[in-house]
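*Asks:* Starting from these lines, generate the structure:
(one chain, ligands or ions: 1)
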Amino acid sequence: MVVEYAAFIMKLLLAATLATVALTANAQDLEQLDVDSTVLHAARVLDVAAGKVISPGEILVVGDRIREVGTQVNHPTGAIVVDLGDTTLMPGLIDAHVHLFLHPGAEDLQTVQESVPERVLSAASAAKADLMAGFTAERDMGTEGAGCADVAVRNAIDRGQIPGPHMRVSCNAIDILGGHEDAIGFNPAQHVLSNADYANNAGELVHIMREQHKGGADFTKIYETGPDSLLGDVFTTPFQYTQAELTAAVTEAHRVGSRVAVHCTGEPGASYAVHAGVASIDHAYQLSPETMKLMREKQIYAVPTFTIMEYFAKHPEHPGDAPHYQAELDYHAAEFKKQLAAGVPFALGTDVGPFPHGTQAREFELMVQYGMSPADVLRSDLINGAKLLDWADSIGQLKPGYLADIIAVQGDPLANINAVRHTVFVMKDGEIVRRKAPPKN
Ligand SMILES: [Zn+2]
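*Replies:* Numbering: from 1, shown residues only. You can find the predicted model right below:
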């Protein structure tokens, strides 16, 4: 990870500086001479694991890392002190399901009408919008036809060339011929390109995964279900890959230390995917009792993505589609309650892209509205999200040694989850990337 390399270089520079100073200073002074220190002070700081806020809240940041967290921390000489007033300090938000390469409007037409270079520039501005809203880490679930262009965006962010969250990227999603994202609805004779990469059997899945791995993908996104049908309260969706095919994909991912995530709205695809050992079931409208039990046992996350469905219900591409989206959302909300009761582990993802980047903190409110406590939503987002992105040892909590990805929000998110929609300060890797003056009382 480039971030780690940068941190290593920073440590070397710091060590060199301190070594020079050590000739004339004692150990106590050394601690005081951290040249790159910032103290953040606010009315509260969130302890996400414990599900409580500490008041007041202070965090000492040295370089790109958190050094101390508490009601009062050391203030090294020369440290910059940032007083954030009546706000809550908390870890940067995580979105486990984004599409930097999509913007509002017809998805299929974006990939037909816009060149990949044009889409890359849009993706860069999407990454900035998400970061400014407080999302400091994201998992991009497919470029929808832009191949591995997401790798370039991730790398540019890591090099500091453009602002954006820490990214896990997947290149294109993988799909069967005639599957969920295969440019359905166009005259086949026009050969409109699929938004995904084709794989029609286990061998082809492994082949595409190796190509994407070579292209720089961090993980694999597979379309496992679609199109969906809801008649009354009967939900059906055809599976795309068999359990054996998904098992081959998961085995290949594990071979290179990677993971598989599936777009999967229901059964039997969900059962195939959890038996195969995927990392997450994204969308997860409908899960059988056996699938829910296995997800709990294997700690496979469901990622509900309620926000996209609410957006489509309110902004349908065709006016007559609104009731259908609302019915699917209502169905999913009812199933979500069953999933909560069954102990299914959750991560928070939004499917942002088809709706405006930077607005996706709405998902926190919807998860609370549909039955999860604010503390559990925050744990799902931050602790489970960090695990799902394979960064559990560096993000998602305010702990000494973790990356200084810290935001400040107005209000107390445990008292009113709405607070996460009011980010006034964003720090990523110890650098302040956004600071908005809090409103006067
Ligand atoms: Zn998606």
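
*Asks:* Only C-alpha atoms from now on, for both contacts and neighbour counts.
*Replies:* OK.

*Asks:* Please identify the buried residues of the host helix or strand of residue 250?
*Replies:* Using DSSP states H and E, residue 250 sits in helix 243-255. Buried residues in helix 243-255, counting neighbours by 16 or more other Cα atoms under 10 Å, are found at 243, 245, 246, 247, 248, 249, 250, 251, 252, 253.

*Asks:* repeat for stretch 45-65
*Replies:* 45-48, 52-54, 56-65.

*Asks:* Just the ones in strands from those, please.
*Replies:* Mapping those onto strands (DSSP state E) picks out 45-47, 52-54, 57-62, 65.

*Asks:* contacting residues around the closest residue to residue 215 other than its chain neighbours?
*Replies:* For residue 215, ignoring the flanking residues on the chain, the nearest one in space by Cα to Cα, 6 or more residues apart in numbering is residue 148 at 6.1 Å. Counting by Cα atoms under 8 Å, 6 or more residues apart in numbering, residue 148 touches 170, 171, 172, 212, 215, 216, 217.

*Asks:* quick one: residue 148 from residue 140, how far?
*Replies:* 11 Å (Cα to Cα, to the nearest Å).

*Asks:* shared neighbours of those two, which are they?
*Replies:* residue 170.

*Asks:* Which strand or helix spans residue 434?
*Replies:* Following DSSP H and E, one finds residue 434 within strand 431-435.

*Asks:* residues making contact with stretch 120-136?
*Replies:* 92-95, 100-103, 149-150, 153, 162-166, 357-359, 361, 405, 407, 421, 423, 425-426, 428, 433-434.

*Asks:* Show me those that map onto strands.
*Replies:* Per DSSP E, strands hold the following members of the contacts of stretch 120-136: 93, 94, 95, 166, 407, 423, 425, 426, 428, 433, 434.

*Asks:* closest to residue 236 among those?
*Replies:* Of all these, residue 95 has the smallest distance to residue 236: 27.2 Å, by Cα to Cα.

*Asks:* quick one: contacts for the closest one?
*Replies:* Contacts of residue 95 by Cα under 8 Å, 6+ apart are 135, 137, 138, 139, 348, 349, 350, 381, 385.

*Asks:* Output the residues you listed in TSV; the columns should cover neighbour count.
*Replies:* Shown next, in TSV, are the contacts of residue 95 (neighbours: other Cα atoms under 10 Å):
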residue	neighbour count
135	28
137	27
138	27
139	24
348	29
349	30
350	26
381	26
385	29
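
*Asks:* For residue 279, state which of the residues you listed is nearest.
*Replies:* residue 385 (11.2 Å).

*Asks:* would you say the closest one is within a strand?
*Replies:* No - counting by DSSP: H, G, I helix; E, B strand; the rest coil, residue 385 falls outside a strand, being helix.

*Asks:* Verify the stated contact: residue 170 with residue 217.
*Replies:* Yes - the criterion here is Cα atoms under 8 Å, and residue 170 meets it with residue 217 at 4.7 Å.

*Asks:* neighbour-wise, which of the two wins?
*Replies:* Set residue 170 next to residue 217 and count neighbours by other Cα atoms under 10 Å: residue 170 wins out with 31 against 25.

*Asks:* Let me see the ranges of the strands in the stretch 101-250 of the chain.
*Replies:* 135-140, 166-168, 174-175, 197-198, 220-223, 229-231, 234-236 (DSSP state E, counting those that start in this stretch).

*Asks:* among those strands, which is nearest residue 321?
*Replies:* Closest among the strands of the stretch 101-250 of the chain, using Cα to Cα: strand 229-231, at 12.8 Å.

*Asks:* Pass me the low-pLDDT residue ranges in the stretch 201-350 of the chain, would you?
*Replies:* Scanning the stretch 201-350 of the chain for pLDDT under 70 picks out no residues.

*Asks:* residue ranges of the helices in it, please?
*Replies:* 202-215, 243-255, 269-276, 289-298, 306-314, 322-341 (DSSP state H, counting those that start in this stretch).

*Asks:* which stretch among those comes nearest residue 76?
*Replies:* Of these, nearest to residue 76 by Cα to Cα is helix 306-314, at 43.1 Å.

*Asks:* what's in contact with the closest one?
*Replies:* With Cα under 8 Å, 6+ apart, helix 306-314 has contacts from 283, 321-326, 328-329, 350-352, 354-355, 360, 362-363, 366-367.

*Asks:* From those residues, keep the buried residues only.
*Replies:* Using 16+ other Cα under 10 Å, the buried members of those are 283, 322, 324-326, 328-329, 350-352, 354-355, 360, 362-363, 366-367.

*Asks:* just to revisit the earlier point, in the buried residues of helix 243-255, find the pair that's most separated.
*Replies:* With Cα to Cα as the measure, no two of these lie farther apart than 243 and 253, at 15.1 Å.

*Asks:* quick one on the thing from earlier: just the buried ones from the contacts of stretch 120-136, in ChimeraX syntax?
*Replies:* In ChimeraX, a selection of the buried entries from these looks like this (16+ other Cα under 10 Å):
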select :92,93,94,95,100,101,102,103,149,150,153,162,163,164,165,166,357,358,359,361,405,407,421,423,425,426,428,433,434
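
*Asks:* and which of the contacts of residue 148 is nearest to residue 303?
*Replies:* residue 170 (16.5 Å).

*Asks:* any idea how far that closest one is from residue 260?
*Replies:* Using Cα to Cα, residue 170 is found at 9 Å from residue 260.

*Asks:* Residue 135 too?
*Replies:* From residue 135 to residue 260 the distance is 22 Å (Cα to Cα).

*Asks:* burial of residue 85, as a residue count?
*Replies:* By the criterion of other Cα under 10 Å, residue 85 has 16 neighbours.

*Asks:* who are the neighbours in contact with the nearest residue to it once chain neighbours are set aside?
*Replies:* Leaving out its chain neighbours, the residue that sits closest to residue 85 by Cα to Cα, 6+ apart is residue 42, at 5.1 Å. Each residue near residue 42 by Cα under 8 Å, 6+ apart is listed here: 56, 57, 58, 83, 84, 85, 86, 87, 88, 89.

*Asks:* Which members of the residues you listed are the farthest-apart pair?
*Replies:* The most widely separated members of the contacts of residue 42, counting by Cα to Cα, are 58 and 86 (12.6 Å).

*Asks:* And residue 92, what's its pLDDT?
*Replies:* For residue 92, the pLDDT comes out at 99.

*Asks:* wait, I meant residue 181
*Replies:* Here, the pLDDT recorded for residue 181 equals 83.

*Asks:* Isn't it up against residue 193?
*Replies:* No - using Cα under 8 Å as the test, residue 181 is too far from residue 193 to be in contact (9.8 Å).

*Asks:* Look at the two and report which has more neighbours.
*Replies:* residue 181 (23 against 17).

*Asks:* Who are the contact partners of that one?
*Replies:* Residue 181 makes contact with 175, 194, 195, 196, according to Cα under 8 Å, 6+ apart.
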